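Engineer: Have a look at this fold, sequence not included:
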């Protein structure tokens with residue numbers, strides 16, 4: 001019976017449930033989109049291109065492993081963890097003999113993959129460019145469409161796509177920037193692939209030249225293994241696994257070959273899992289807060305109807321059951337609609353990440369049913385919980401008091417609600433304090449957004465008290481500005497619970513938006529400030545392409561200048577990841593000062609390392625200590641700490657000798673070269689004339705380039721949170737529109753009492769601006785507290801970076817949303833004849 005009544009109630013009050021439907025649908029779409037990103041990170045396919053013809057590919061293990069043994073209640077268990085390394089791990093070439101003697105193996109082809117960027121106008125159109133030995137062309141396979149295979153060191157075979165883009169023919173000259181100085185090659189042939197190759201372009205060198213450029217003597221990237229007659233892929237794989245038992249080599253077939261080929265796609269899995277998880281968690285918290293507020297407003301609008309049901313002997317359980325069933329009906333429809341919208345939304349979000357370079361195109365978006373089911377389930381749960389929370393008061397009151405209770409808002413908040421609000425306020429304060437003690441970005445970022453949501457939830461619970469307190473301050477000035485403002489002050493004071501829902505959503509919008517916009521600049525500006533203070537160079541050499549060759553730095557040193565090459569990567573100490581850089585030790589203090597507090601940079605060699613104060617504190621290190629770590633390509637190293645420095649935020653946590661680090665990265669070219677010289681910029685440029693793509697800039701200009709890269713990275717994070725902010729903005733408009741649309745009778749009575757349309761609209765504008773002012777103060781206060789704590793933890797200073805113009809824009813947009821969402825339904829409500837409305841309501 002209650003289900004039938006719930007169906008009739010929803011059908012009869014379509015307009016009343018529209019706001020809840022919109023909120024739930026947006027929540028489902030958001031959860032589904034985030035879930036699809038998470039699923040892509042976990043199960044997204046990476047199809048091979050270069051290794052299409054090789055049924056089995058043997059590659060190096062790209063992870064660092066740690067196994068721990070735990071003893072609990074007399075039982076012993078092991079726990080294994082693995083984390084990916086930053087660079088490509090290589091295999092010993094001697095494994096070729098082992099593979100060749102494996103039963104069922106007919107042919108083993110070694111593969112070399114290294115940086116090889118053709119210097120052509122317009123670049124490679126977004127495709128990655130790699131160099132290989134011509135012997136490995138059979139792995140795709142590539143076949144000569146024109147010319148001949150490379151024989152001399154200066155011969156080169158290009159693929160047909162690059163030949164078409166650069167208008168290359170056999171006999172043409174092509175300059176290639178590889179791991180060494182740029183070199184001109186003669187195009188000896190053009191090769192076309194038998195399989196589709198869409199994400200890379202291949203340049204094939206002679207075997208000797210490829211080994212020279214790969215710069216890993218005695219090592220290969222991978223092996224392609226081909227079966228003999230009568231041996232299928234499964235049997236071949238099992239035989240290869242047995243032959244390689246005891247080694248760290250990985251054996252891949254099918255789509256697993258793509259993981260060995262596209263390392264950036266494999267690493268992007270982890271990024272998508274963390275991004276999708278962080279977005280999904282934040283979205284879930286925001287969605288629950290928004291939906292609870294929306295349902296609370298819906299129940300408040302039906303208070304008279306529900307009180308009448310109590311007065312005619314409806315039990316508390318029946319009222320709760322009715323509202324719960326209504327919520328499930330609305331939530332089910334909204335959840336299904338939102339899930340269907342969330343799937344293309346997740347696909348669009350993935351495509352934007354690809355366009356920004358945060359996710360490679362080779363990691364395909366996975367569309368499954370699990371995110372949609374999760375979106376519907378979460379929506380149903382949020383709707384049911386929200387309805388139960390919103391119905392607590394009306395379901396508890398006595399039938400005899402129900403109608404009297406429905407005439408006006410309760411004068412006091414329930415003690416339970418106040419206590420919960422105070423507890424959440426205390427919890428948010430604790431999170432802010434904890435945030436000020438966190439010194440790493442992976443640890444502080446989730447706490448940052450969690451603190452904002454928890455503090456906004458406390459605002460939601462204490463909202464009516466906050467609105468009444470604000471009216472004590474604003475009531476006097478409003479009463480002096482005319483009858484419309486006096487009416488607005490009376491409405492805000494008398495309907496504090498209704499306006500609290502609007503204040504909550506606006507507070508969340510302002511607080512979350514300011515946090516998203518200013519958290520990355522706070523960290524980036526502090527890092528750039530340290531870098532500016534630490535760079536002593538007269539000029540900085542940067543490159544438009546993959547980097548500055550070592551030969552360029554040697555040319556500068558030939559003129560008795562100091563040239564400090566800087567190469568960057570990440571390393572792991574245990575399983576923890578640290579930003580690292582390699583710098584040239586000779587003359588280092590002339591161009592670079594990281595703020596050494598202990599030890600000396602003069603001791604920096606291939607056997608030592610300098611660490612930041614943060615890393616030294618976390619790893620319990622000091623000058624003379626020994627640290628065991630894993631370099632970028634998985635090579636273990638044991639080094640002695642030579643120095644501890646203060647400017648780790650600007651220069652990374654670990655600093656190595658350049659030559660040590662450059663041997664273990666995919667791109668050994670310097671990201672920049674710091675030049676200490678008395679010569680002019682023109683003279684330095686003349687020295688580098690033989691190195692196309694290099695530029696000589698001042699340290700200030702290099703800082704501006706870093707700011708541009710910082711902004712590009714921030715855009716990815718902004719996009720990740722843009723959907724959450726858009727959902728919050730929709731909730732603001734939705735809640736305001738619901739609040740105003742419910743007041744048709746009130747407006748009619750004001751009209752009958754002599755108020756004009758203009759006075760009523762002025763009253764609405766005053767209410768909206770008062771609510772915006774209160775929400776701006778609360779949201780800005782929350783964001784400022786959180787950003788300040790983040791700044792203290794990450795930079796050591798209470799100096800969040802806030803752009804005034806951007807902040808004013810956020811507040812202006814929030815105010816505009818509030819005014820529009822108030823004015824449009826207000827004007828619609830005033831179009832109805834006042835006498836008709838008053839008579840109908842009576």
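Structural biologist: Done, it's in. Everything numeric in this text was worked out from a predicted model, so none of it was measured.
Engineer: Would you mind checking the average pLDDT for the helix or strand containing residue 597?
Structural biologist: In this assignment (DSSP states H and E), residue 597 forms part of strand 596-599. Taken as a whole, strand 596-599 has an average pLDDT of 94.
Engineer: can you check stretch 830-842 too?
Structural biologist: On average, the pLDDT along stretch 830-842 is 59.
Engineer: swap in stretch 344-351?
Structural biologist: Stretch 344-351 comes out at a mean pLDDT of 88.
Engineer: do stretch 572-581 as well
Structural biologist: For stretch 572-581, mean pLDDT rounds to 92.
Engineer: what comes into contact with that stretch?
Structural biologist: By Cβ atoms under 8 Å, 6 or more residues apart in numbering, the surrounding residues in contact with stretch 572-581 are 64, 66, 81, 83, 85-86, 566-571, 615, 618-619, 627-630, 632, 651-656, 661. Using the backbone N, CA and C atoms, a C-beta is placed for each residue, glycine as well.
Engineer: ok, back up a step: what about the strand holding residue 597, distance to the chain center?
Structural biologist: Centroid separation for strand 596-599 versus its chain: 35 Å, with Cα atoms, centre = their mean, to the nearest Å.
Engineer: Let me know the next secondary structure element after that strand.
Structural biologist: Counting by DSSP H and E, what follows strand 596-599 is strand 608-612.
Engineer: After that following strand, which helix or strand is next?
Structural biologist: Using DSSP H and E, the next helix or strand after strand 608-612 towards the C-terminus is helix 613-619.
Engineer: what's that next one packed up against?
Structural biologist: strand 636-645, helix 648-651 (3 or more Cβ pairs under 8 Å, 6 or more residues apart in numbering; DSSP states H and E).
Engineer: Reformat the ones you listed as TSV; add distance to residue 697.
Structural biologist: Converted to TSV, those look like this (distance: least, Cβ to Cβ, whole Å):
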stretch	distance to residue 697
strand 636-645	25
helix 648-651	18
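Engineer: Give me whichever of these is most buried.
Structural biologist: When those are scored by mean count of other Cβ atoms under 10 Å, the highest mean neighbour count falls to helix 648-651 (a mean of 24).
Engineer: circling back to that earlier point, which stretch in the helices and strands packed on helix 613-619 has the least confidence?
Structural biologist: Of all the helices and strands packed on helix 613-619, helix 648-651 has the smallest average pLDDT, which comes to a mean of 90.
Engineer: Can you pull out the residues in contact with that helix?
Structural biologist: By Cβ under 8 Å, 6+ apart, the residues outside helix 648-651 that reach it are 523, 526-534, 581, 594, 611-615, 645, 794-795.
Engineer: Mark which of those residues are part of strands, please.
Structural biologist: Secondary structure from DSSP state E places 581, 611-612, 645 of the contacts of helix 648-651 in strands.
Engineer: Narrow those to those that are buried.
Structural biologist: Neighbour counting with 16 or more other Cβ atoms under 10 Å marks 581, 611-612, 645 as buried within the ones in strands among the contacts of helix 648-651.
Engineer: re the thing from before, so which of the helices and strands packed on helix 613-619 gets nearest residue 181?
Structural biologist: Among the helices and strands packed on helix 613-619, the nearest to residue 181 by Cβ to Cβ is helix 648-651 (26.9 Å).
Engineer: Residue 205 bridge partners, please.
Structural biologist: residue 133 (DSSP bridges).
Engineer: what about it, neighbour count?
Structural biologist: Neighbourhood size, residue 205 [other Cβ atoms under 10 Å]: 27.
Engineer: quick one: pLDDT of it?
Structural biologist: 97.
Engineer: How about residue 495?
Structural biologist: According to the prediction, residue 495 has pLDDT 69.
Engineer: What of residue 13?
Structural biologist: On the pLDDT scale, residue 13 gets 61.
Engineer: Please report how far residue 778 lies from residue 508.
Structural biologist: 10 Å (Cβ to Cβ, to the nearest Å).
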